[in-house]
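> sequence and predicted structure are below.
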Amino acid sequence: MTDLKTLPIEPNLLIEMYRRMLTIRFFEEAIFDVYRKGWMPGLAHLSDGQEATPVGVCMALRADDTITSTHRGHGHIIAKGGQVEPMMAEVMGKVTGYCRGKGGEMHIADVSLGILGANGIVGGGLGIAAGSAFTAKREGKGRVSVAFFGDGAVNQGLWYETANMAVLWKLPLIYVCENNQYTEFTHWKKLTAGEGLAARARAMGMPGVEVDGNDVVAVYQAARELVEAARRGDGPATLVCHTIRYGGHHVGDPGTAYRTKEEMEEWRKKDSIQRCERLLVESGIFSPQDIEATRSEIEARTQNAVQKARQDPFPPVEEVQEHVYA
Amino acid sequence: MSTRELTFAQAIREALDEELARNENIVLFGEDIGAWGGVFRTTEGLYEKYGPDRVIDTPLSEEGYIGMAVGIAMTGMHPVPEIMFGDFITLAMDQIVNQAAKMRYMTGGQVAVPITIRATMGGGRSSGAQHSQSWHAWFAHVPGLKVVVPSTPYDAKGLLKTALREPNPVLFFEDKVMYHKIKGPVPEEEYLIPFGVADIKREGKDVTIIALSRMVHTALAAAERLAQEGISAEVIDPRTLTPLDEETLIQSVCKTGGAVIVDEGYQRFGVTAELAAVIAKGAFDYLDAPIERVAAMDVPIPFSPPLEFATIPDEERILQAVYRVLEGRRAP
Ligand SMILES: Cc1ncc(C[n+]2csc(CCOP(=O)(O)OP(=O)(O)O)c2C)c(N)n1
Ligand SMILES: [Mg+2]
């Protein structure tokens, strides 16, 4: 039993974390449904199961901090304050989407919220994140930049090139590796030599910290320490969050051929949302009724977003040549 | 208007200097561009003047610092990364093609990417196959990128200043053979040259020679020899590939009835092919002979001088191409 006095964070913060994690979960489940019904073009990469990582990290950020995201980016965007309505519209290719339907499921951005885009090139956003950190340092207002990426991106050269410059120039850059155990269909240990990215980060001369990526409070606390150090001018750091995606690599992959049932059952026991609900109830912040009410509210909003996006128009074809100047 | 003679390198340095002074959000990145002044001296003195925070010596990480430049541009500054030898730009290809070129479009116009990538080009220095190539055509193929290929100190300065005020990614190609060899008049007063405006470097009426970068000078030398033979060649420099001033090229060929296109990039699928297509369509009824292309031979660039010079367009190859055009001309 956790009581309020020993709760390591503010109750309101925990409630907000819970709401954002739930929003991600319902959003991803809704997209799966939208995809199966044929209401969206293309594919989708879902992050249900991983919610605690983006939420724990982003709750440690200020509004003017920036993030870069990945092909599996919906969670990062919601965690940084993205709204489900323009997200859902973007997924469906509608003109009301964040990127007017030009980005799509893999490229949602809201620059006004500091979301500098999701990236279809694995590891491709690391340069953008380092660049934002460069600008932040020059501005001198304590802003930080966070790069989200998966366990597959740690073997891209760009990580090492930017990490070297970030350490050299003390850039306020936090590398957040979401290790969801698999790079597409292959376990990360078959692809990555040594002890993983945290050890590599330390070898590059920056802190390398590992955390249970399904424990939103633990992620928040670890992120907060690194973010505050970066704000003070201590330079970059790496945070590795161990987690799992419940679904397949994308909506067309059931995710069962390369993972065992037992493995997934173990992970389900560590479900981030259930753990957060338990914490909320045990500490007396929420009653079971509050939990139910919150769930219904967020689920209804997600479903409304689906219905609204379905009715929204596609972009007029005349827009195809807008936003490009050569 | 008072004018002095500057080298190509000095003109570039002056453009950087003026724009660094004008806009404190401009930062230069590159290998040995700072304290050392750049291996081609194009940033000489800028480190002393603007300091290590604006003229930044980078590690040998072309993908890394060009990638950073994309993020710097997206957060409101104007980075100017330099690629010492244009050949090395291959290491940064993803960041240029998949990131810089597309960010504005993919975000539905939310973000501008003001980044000016300076890269060298050009062979003829016995630098071997990995330090001599001219890769400007690759980038002209990519929607979202503006490609500038200046030929004179005057154009280089005016176009670079425009690039440094442009809110979109620009690839600025400097022929390293011209840096210290080509001198030309540059006004003391400030001026800018807009993109997408070709320049007629020499007027003529019998044949049009379109050339860019250092090849403009080779074409002008060829035109001078043709003049002695009583042939009047018009030499046109497109100056920017994207945007391209199609109209000026087409009008000239409509006037002369013949076209020779010269470029130091590779011939196949290259700049000469694209320009030939533009002219074939726009001036079809006025062409009196097949369009001639003179470009780099499609082989890796060899080291040994007689081999290397055999691969690069020269005056003689341009003359022969002009003769073929004139011979191919049907009797009226
Ligand atoms: C440069 C690049 N290589 C390959 C791919 C194809 N691809 C897309 S996602 C992916 C796996 C990425 O794994 P990870 O970084 O662990 O992220 P996760 O999918 O687990 O979230 C691959 C190989 C790609 N998009 N970009
Ligand atoms: Mg993974």
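Everything's here; your move. Ligands and ions are numbered 1, 2, ... in the order given.
> where's the residue in the stretch 51-200 of chain B that ligand 2 sits nearest to, which helix or strand?
Here the stretch 51-200 of chain B gets closest to ligand 2 at one residue, residue B:94, 19.6 Å apart by Cβ to the ion. Any C-beta I mention is one placed from the backbone N, CA and C, and that applies to glycine too. Using DSSP states H and E, residue B:94 falls within helix B:93-94.
> neighbouring strands for the longest strand along chain B, and are they parallel or not?
Looking across chain B with DSSP state E, the single longest strand is strand B:259-266. Take DSSP bridges as the rule and strand B:259-266 pairs in its sheet with strand B:207-211 (parallel), strand B:292-296 (parallel).
> so which of the ones you listed is the most packed in?
Counting by mean count of other Cβ atoms under 10 Å in any protein chain shown, strand B:207-211 has the highest mean neighbour count of those, with a mean of 30.
> touching that strand from outside, list them.
Residues from elsewhere that reach strand B:207-211 (Cβ atoms under 8 Å, 6 or more residues apart in numbering or on different chains): B:151, B:218-219, B:222-223, B:226, B:231-238, B:249, B:252-253, B:255-263, B:275, B:318, B:322, B:325-326.
> pull out the buried residues from those.
B:151, B:218-219, B:222-223, B:226, B:231, B:233-238, B:249, B:252-253, B:256-263, B:275, B:318, B:322, B:325-326 (16 or more other Cβ atoms under 10 Å in any protein chain shown).
> contact partners for residue 243?
As the question left the chain open, I've gone with chain A. Per Cβ under 8 Å, 6+ apart, neighbours of residue A:243: A:49-50, A:52-53, A:178-181, A:213-214, A:272.
> meant chain B actually
Residue B:243 makes contact with A:326, B:146, B:195-196, according to Cβ under 8 Å, 6+ apart.
> which of these lies closest to ligand 1?
residue A:326 (24.6 Å; Cβ to the nearest ligand atom).
> count the neighbours of that closest one for me.
23 (other Cβ atoms under 10 Å in any protein chain shown).
> for residue A:296, same thing?
Around residue A:296 there are 10 residues (other Cβ under 10 Å).
> could you check how far the helix or strand that comes right after the helix holding residue B:94 is from the centre of its chain?
Downstream of helix B:93-94, the next assigned helix or strand under DSSP H and E is helix B:103-106. Put simply, helix B:103-106 sits 25 Å off its chain's centre (Cα atoms, centre = their mean, to the nearest Å).
> quick one: buried residues of helix B:103-106?
Buried positions in helix B:103-106, judged by neighbour count with 16+ other Cβ under 10 Å: B:103-106.
> rebuild the residues you listed as a markdown table, extending it with distance to residue A:23.
Formatted as a markdown table, the buried residues of helix B:103-106 follow (distance: Cβ to Cβ, whole Å):
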| residue | distance to residue A:23 |
| --- | --- |
| B:103 | 26 |
| B:104 | 28 |
| B:105 | 28 |
| B:106 | 24 |
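> what's the closest of those residues to ligand 1?
residue B:106 (14.4 Å).
> check contacts around that closest one.
Going by Cβ under 8 Å, 6+ apart, the list of residues near residue B:106 reads A:99, A:102-103, A:107, A:109, A:117.
> pLDDT score for residue 71?
Reading this off chain A. Residue A:71 is assigned a predicted lDDT (pLDDT) of 98.
> if you could check chain B rather than the one you did, that'd help
Reported pLDDT for residue B:71: 98.
> so where does it fall, helix or strand?
helix B:62-74.
> now check that helix, is it near chain A?
Yes - Helix B:62-74 comes into contact with chain A (Cβ under 8 Å from any Cβ of the partner chain), by way of B:63-74.
> skip the chain neighbours and tell me the closest residue to the residue in the stretch 151-300 of chain A positioned nearest to chain B.
Residue nearest to chain B within the stretch 151-300 of chain A (Cβ to the nearest Cβ): residue A:161, separated by 2.8 Å. Leaving aside its sequence neighbours, residue A:161 sits nearest to residue B:64 (Cβ to Cβ, 6 or more residues apart in numbering or on different chains; 2.8 Å).
> state whether residue A:50 is indeed within a helix.
No - per DSSP: H, G, I helix; E, B strand; the rest coil, residue A:50 lies outside any helix segment and is coil.
> before we move on, the earlier item: tell me, how many residues neighbour the residue nearest to residue A:161?
Around residue B:64 there are 28 residues (other Cβ under 10 Å).
> give me the contacts around the helix holding residue B:94.
The list of residues contacting helix B:93-94 from outside it, by Cβ under 8 Å, 6+ apart, reads A:121, A:124, B:63.
> between these, which has the most around it?
residue A:124 (25 neighbours).
> need the contact list for that residue.
Neighbour list for residue A:124: A:158, B:67, B:94-95, B:98-99 [criterion: Cβ under 8 Å, 6+ apart].
> for those residues, which one is nearest ligand 1?
residue B:94 (7.4 Å).
> what is the burial count for that closest one?
With other Cβ under 10 Å as criterion, residue B:94 counts 18.
> try residue B:148
Neighbours around residue B:148, by other Cβ under 10 Å: 27.
> kindly report the same for the one 5 residues further on.
Close neighbours of residue B:153, defined as other Cβ under 10 Å, add up to 25.
> how about it, nearest residue that isn't a chain neighbour?
residue B:11 (3.6 Å).
> thought that neighbour was touching residue B:151?
No - here residue B:11 does not reach residue B:151: they are 11.4 Å apart, not a contact under Cβ atoms under 8 Å.
> what about the stretch 1-150 of chain A, any weak spots by pLDDT?
A:1-3 (pLDDT under 70).
> near ligand 2, which residues of it?
Within reach of ligand 2 by Cβ under 5 Å from the ion, the stretch 1-150 of chain A has these residues: residue A:150.
> ok, now with 8 Å
A:72, A:150 (Cβ under 8 Å from the ion).
> output the residue of the stretch 1-150 of chain A whose distance to ligand 2 is smallest.
For the stretch 1-150 of chain A, Cβ to the ion, closest residue to ligand 2: residue A:150, 3.8 Å.
> any idea how far ligand 1 is from the nearest residue to that residue once chain neighbours are set aside?
Nearest non-adjacent residue to residue A:150, counting by Cβ to Cβ, 6+ apart: residue A:178, 5.6 Å away. According to Cβ to the nearest ligand atom, to the nearest Å, residue A:178 stands 6 Å off from ligand 1.
> can I assume residue A:178 sits in a helix?
No - per three-state DSSP, residue A:178 lies outside any helix segment and is strand.
> just checking, it touches residue A:148?
Yes - with contact defined as Cβ under 8 Å, residue A:178 reaches residue A:148; the gap is 6.4 Å.
> identify the contacts common to those two.
Residues touching both residue A:178 and residue A:148 (Cβ under 8 Å, 6+ apart) are residue A:54.
> which residue of those two possesses the greater neighbour count?
More neighbours surround residue A:148 than the other of residue A:178 and residue A:148, with 30 against 26 (other Cβ under 10 Å).
> and that one, what is it in contact with?
Contacts of residue A:148 (Cβ under 8 Å, 6+ apart): A:54, A:57, A:67-70, A:73, A:76, A:125, A:176, A:178.
> so residue B:237 versus residue B:60, what's the distance?
Distance, residue B:237 to residue B:60, by Cβ to Cβ, to the nearest Å: 34 Å.
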